[in-house]
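Asker: Build me a structure from this.
(2 chains)
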Amino acid sequence: MTLVRVAPHLEQDVDLSKTYDAVVVGSGAAGGMAAHVLTTRGLKVLMLEAGKKLPIEQELRSMQWPYDHPRRGDAPPGYHSLSFNEYTIRTPPYAKNSTAKHVMSYVGGWGGSDYVKNILVDEKDHPYTGTKYAWVRARALGGKTNIWGRLALRLSDYDFKAKTHDGYGDDWPISYADLQPYYDKVDLYLGISGVKENLPHLPDSLFQRPNKLTSSEVKLREGLKKMGRVLTPYRAGVTTDGLKHNRYRSKCYGRGACDRRPGGCDIHAAFDSPTGLIYPAMDTGNLTVRPNSIAHEVLVDKNTGRARGVAFLDSATRKSYEAKAKVVIVAASTLESARLLLLSRSPQHPNGIGNSSGHVGHNFCEHVMGPGVTGLVKDLVGKPSTLDDGRPGGFYIPRFRNLKDRQPGFVRGYGFEGGGGFSIFPGNAFGTPGFGAQFKREVRDHAGAFIGMGGFGEVLSRYENYVDLDPDTKDAWGIPTLRFHYQFGDNERKMCEDMVVAGREMLEAAGIEVIGTDEKMLTEGWSIHELGTARMGSDPKTSVLNQFQQSHDVKNLFVVDGSSHVSASCQNPTWTIMALAWRSCEYLADEFKKGNV
Amino acid sequence: MTDATHPEGESLSRREMLEVTAAALAAPLVKLGPAAAPPALQAVSKFFTAAELALLDELAELIIPADAHSPGARAAGVAAYIDFRLSDSAEPEQQTKWRSGLAAVEALSKELNNGQAFLQASADQRVAVLTRMAAGEHDPKTPAEHFFQDLKGWTVRAYYTSKVGIHADQEYKGNVYQRGDYAGFDAT
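Answerer: The predicted model follows:
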């Protein structure tokens, strides 16, 4: 079922004999935004996506009841999803020697693996090596925006000027004032819901109507107020009031399917790149999309050293093609973009294109997660069921550490994501001991009385955390894979210990009984917020891109995804990725018209 | 897709309204009560023998029984669902585990109940067997204790994803279109 009236054209003729104004590699948040801005400015754009164009509404089936699915949402026999244990006791490539027909990342192990089995990559075809890393990849038009968590947050000058604040790392080459107009544009073009809180470290967006809170969340919000902390309704990249300018997306009807599976919204109230950005860009007549196109090299003009296009393989036929363009825009995701730059070696760029600094693949950072707390609100036990889950998320508690204070054990901060109330499946049934009538009653009486939250912390950007190309391992298409040299450090460990302490303290302050804590850090990569492998900066010796995500080395090469971020902050990155891409592509369009790129 | 509405419009299509209404109606329809016929026993087993399926059906009902509030695992078809999932499984070790688990229950019943098979034992004796199996829930040691974890885990999964579990027992209110204000409380 879908409220989307307009079926986008799926098949386009792709003319590879012509030279496009720009070729964009990748169709997620960053690539979609590049296509939107450049086509609006009149540039002729070719977008290459490695994955398929899926009939996404049929994949997501957001309102399907569990009992209307033969396996209650589970993927068919033969699919195996990696567990925390497997990520912990083994090293990549995780699918090596697996007897399963298909091996998926841990996201395939969430409830509803059948809905994402065609969106996530099969680890068997996409190996990587090195240190432990839970790398979640989506190869499909729209990439990970098809299944993202939708928490849409802004960064502030606590992030952009973090070095000035605490002395660690590097400042970004921009400040909040530079990006604010573009955050505003993203808010208005794509829709975001939330409540204004007037926090200097988590700037407000131009919000549509917010999600509501449940009883237990209100209780926690009131408790936190006394501590001077804030619990705000989940700031979601979801249009709750509708978007008059977009005919591919419905407004949010508060359907309870949101928390039932990894993201995904079959009426596209939640932002995804295809309906939010790509289809409208196609409607300008300036965008051509070629799915099933695996880019493996940015091509270079032998005389000038400038980018002249992109070499790619057709994923089905394995035939090689070249796409010619005046500007190359890489937006393949933080790690895939670094891989593509490193793969693009030429006499002019022996270490990979745009890599004269040697920083491509380095300064790799993200968010650490795992620690959290669960509480029981006693006065909700035995209360009748209420509609608590028709929401893209529950709540967010913004960072409170190292703003005015200085923590002894760590720099930077973390926020909490959480939620409380009834959902379609009473998760407490797994933890309730015993059996029989008493067990059944206890599950029922307690199902809506729990509240839980988990921290998302900034992982420091460090040069020594990096990826490079594995000289010996190739993917199913014969393309060298990434090798990880990446580990959390002492700052992350100390921060995670503090998450548990602070989480407990907050529940207790609200009069909520703490019934469980998670103390372990999840495997590197778990947050799916990898960032920083081609960072911006003003010094070409220590950075890959300038403040407009333009290569210091190659003026007609731009890298507009999360790889450009200088530090991870603790806020979820998607909205910042899109605001930055918008800003850079406006600059690019201006320079293009002037003949400067 | 032809009858869908204006993207930001307020009205739902007729087909969508029908689906929403059907979902709302599902709740009272499945409130069958404890006396309802046991679908698991009517179902043709796909993996288990008829005797194994009858044993599994009884075990599941003991874990989540019918009560005054809602039907139990039997009415929810829990045994038939587990039977289907095992018949459909690509992992033969899962099938072996369940078959030997049920055998361990029979062995325990005979040990505790003077050689009586589980389904021949009295109601109290059956509960005694399951109580022994559940004793090691947090640190299982015997085969029957290990099997209890799988048995309970899959009974929970199957029951709370069934129509009976979602609508009759949990009285779940979501997965519906909220056309006006969203349910819940404002952050004030």
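
Asker: Would you pull up the residue in the stretch 251-400 of chain A closest to chain B?
Answerer: Of the residues in the stretch 251-400 of chain A, the one nearest chain B is A:Gly256, at a distance of 2.5 Å by Cβ to the nearest Cβ. From N, CA and C alone the C-beta is placed, and that goes for glycine too.

Asker: and that residue, what is it in contact with?
Answerer: A:Gly256 makes contact with A:Leu387, A:Asp389, A:Gly390, A:Ser423, A:Ile424, B:Tyr172, B:Lys173, B:Gly174, B:Asn175, B:Val176, according to Cβ atoms under 8 Å, 6 or more residues apart in numbering or on different chains.

Asker: Could you count how many residues lie near the fourth one?
Answerer: Put plainly, it is A:Ser423. Counted with other Cβ atoms under 10 Å in any protein chain shown, the neighbours of A:Ser423 add up to 20.

Asker: Isn't it up against A:Asp389?
Answerer: Yes: taking Cβ atoms under 8 Å as the contact criterion, A:Ser423 and A:Asp389 are neighbours in contact, 4.6 Å apart.

Asker: which strands and helices sit next to the host helix or strand of B:Ala54?
Answerer: Using DSSP states H and E, B:Ala54 sits within helix B:50-63. Helices and strands in packing contact with helix B:50-63 are listed as helix B:39-42, helix B:78-87, helix B:92-112, helix B:123-134, helix B:143-160; criterion 3 or more Cβ pairs under 8 Å, 6 or more residues apart in numbering or on different chains; DSSP states H and E.

Asker: Please dump those helices into TSV; it should also carry mean pLDDT, mean neighbour count and distance to A:Asp166 for every row.
Answerer: What follows is the helices and strands packed on helix B:50-63, written out as TSV (pLDDT from 0 to 100; neighbours: other Cβ atoms under 10 Å in any protein chain shown; distance: least, Cβ to Cβ, whole Å):
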stretch	mean pLDDT	mean neighbour count	distance to A:Asp166
helix B:39-42	49	16	62
helix B:78-87	97	23	53
helix B:92-112	96	16	52
helix B:123-134	97	17	53
helix B:143-160	97	22	46
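
Asker: Just give me the residue right at the centre of chain B.
Answerer: The centroid of chain B falls nearest to B:Tyr159 when counting by Cα atoms, centre = their mean (2.4 Å).

Asker: who are the neighbours in contact with the nearest residue to B:Tyr177 once chain neighbours are set aside?
Answerer: With Cβ to Cβ, 6 or more residues apart in numbering or on different chains as the criterion, B:Tyr177 has its nearest non-adjacent residue at 4.5 Å, and that residue is A:Tyr253. Taking Cβ under 8 Å, 6+ apart as the criterion, A:Tyr253 is in contact with A:Ile267, A:Ala269, A:Gly390, B:Tyr177, B:Gln178, B:Arg179.

Asker: got it, and A:Ser83?
Answerer: By Cβ under 8 Å, 6+ apart, the neighbours of A:Ser83 are A:Tyr106, A:Gly109.

Asker: so how far is stretch A:408-423 from its chain's centroid?
Answerer: Using Cα atoms, centre = their mean, to the nearest Å, we find the averaged C-alpha position of stretch A:408-423 to lie 17 Å away from the chain's own average C-alpha position.

Asker: likewise stretch A:217-233?
Answerer: 27 Å.

Asker: Stretch A:534-553 too?
Answerer: In this view, stretch A:534-553 has its centroid 22 Å away from the chain centroid, taken as Cα atoms, centre = their mean.

Asker: again, but for stretch A:328-345
Answerer: Per Cα atoms, centre = their mean, the centroid offset for stretch A:328-345 relative to its chain is 17 Å.

Asker: How about stretch A:202-217?
Answerer: Mean-position distance between stretch A:202-217 and its chain equals 20 Å (Cα atoms, centre = their mean).

Asker: Could you give me the buried positions within it?
Answerer: A:202-205, A:207-217 (16 or more other Cβ atoms under 10 Å in any protein chain shown).

Asker: Next, the buried residues of stretch A:265-284.
Answerer: Residues of stretch A:265-284 classed as buried by neighbour count (16+ other Cβ under 10 Å): A:265-282, A:284.
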